[in-house]
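>>> Next come a sequence and a model predicted from it.
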Amino acid sequence: MVFFKQIRRLAYLVVLTVFAFIEMGHSGLSRRTFEFFSYENNRSVVEDRMLHKASSREANIKSYVEELILGPVSLDFAPLLTKGTKLRSFMYRNRVVYADFSREAALPIQGGKPLFDSFLTLNQGIRRNFSEVSDVKLFVNGNEVFFGEFSKFFSAE
């Protein structure tokens with residue numbers, strides 16, 4: 001009799017676990033990681049956020065970039081882009097991301113990392129969160145940034 005109670009409890013647990021995984025898959029949310037830097041020691045820190053899933057990859061990646069522009073949740077971390085930066089245009093074509101930021105993105109962040117490190121981190125974040133992306137082209141006010149330097153980092157991929 002005790003054996004059947006244990007089997008029944010195990011069956012309930014299995015059913016609840018399966019139901020939880022199904023519900024999680026249909027929640028409409030996906031976990032994304034955002035990398036920032038600490039003001040105190042310039043160390044890399046990662047924030048996890050749940051973003052709503054969109055109907056297309058392009059919309060999902062654009063949502064990620066727009067969320068990244070908002071900066072970190074913690075006041076102890078430096079944003080990657082200057083406050084007031086806007087995403088002027090965005091495209092995802094043939095596995096390549098094209099993101100054009102307003103001119104504020106060219107301004108350095110006081111107490112933060114240099115612009116190159118910020119744009120490199122942004123580039124890496126897109127590639128890390130969206131494995132289908134093969135290349136990322138970043139622009140500030142219509143001018144591509146660090147294309148030669150980035151090609152050295154990502155040419156082996």
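In hand now; what should we look at?

>>> can you give me the mean pLDDT across the helix ranked longest in the chain?
Using DSSP state H to define each element, the chain has its longest helix at helix 2-25. Averaged over helix 2-25, pLDDT sits at 80.

>>> If you count contacts, what does that helix end up packed against?
Here helix 2-25 touches no other helix or strand, going by 3 or more C-beta pairs under 8 Å, 6 or more residues apart in numbering; DSSP states H and E. C-beta: built from backbone N, CA, C; applies to glycine.

>>> Give the next helix or strand downstream of that helix.
strand 29-38 (DSSP states H and E).

>>> Residues touching that following strand, excluding its own?
43-53, 60, 64, 67-68, 71-72, 76-80, 112-113, 117, 121, 124-125, 128-129 (C-beta atoms under 8 Å, 6 or more residues apart in numbering).

>>> Go through the longest helix of the chain and flag the buried ones.
Within helix 2-25, no residue is scored as buried using 16 or more other C-beta atoms under 10 Å.

>>> what about it, distance to the chain center?
Here helix 2-25 shows a centroid-to-chain-centroid distance of 34 Å under the convention C-alpha atoms, centre = their mean, to the nearest Å.

>>> Tabulate the CA atom coordinates of it in PDB.
Provided in PDB are the C-alpha atoms of helix 2-25 (Å, rounded to 0.1, in the frame of the first residue of the first chain):
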ATOM      1  CA  VAL A   2       2.800   2.400   0.900                       C
ATOM      2  CA  PHE A   3       4.500   1.500  -2.300                       C
ATOM      3  CA  PHE A   4       1.500   2.600  -4.400                       C
ATOM      4  CA  LYS A   5       1.300   5.900  -2.500                       C
ATOM      5  CA  GLN A   6       4.900   6.600  -3.400                       C
ATOM      6  CA  ILE A   7       4.300   5.700  -7.100                       C
ATOM      7  CA  ARG A   8       1.200   7.900  -7.200                       C
ATOM      8  CA  ARG A   9       3.200  10.900  -5.600                       C
ATOM      9  CA  LEU A  10       5.900  10.300  -8.100                       C
ATOM     10  CA  ALA A  11       3.400  10.300 -11.000                       C
ATOM     11  CA  TYR A  12       1.900  13.600  -9.700                       C
ATOM     12  CA  LEU A  13       5.400  15.100  -9.600                       C
ATOM     13  CA  VAL A  14       6.100  14.000 -13.100                       C
ATOM     14  CA  VAL A  15       2.800  15.400 -14.400                       C
ATOM     15  CA  LEU A  16       3.400  18.700 -12.700                       C
ATOM     16  CA  THR A  17       7.000  18.900 -14.000                       C
ATOM     17  CA  VAL A  18       5.800  18.200 -17.600                       C
ATOM     18  CA  PHE A  19       3.100  20.800 -17.300                       C
ATOM     19  CA  ALA A  20       5.500  23.400 -16.000                       C
ATOM     20  CA  PHE A  21       7.900  22.800 -18.900                       C
ATOM     21  CA  ILE A  22       5.000  23.100 -21.400                       C
ATOM     22  CA  GLU A  23       3.800  26.300 -19.700                       C
ATOM     23  CA  MET A  24       7.300  27.800 -19.700                       C
ATOM     24  CA  GLY A  25       7.600  27.100 -23.400                       C
END
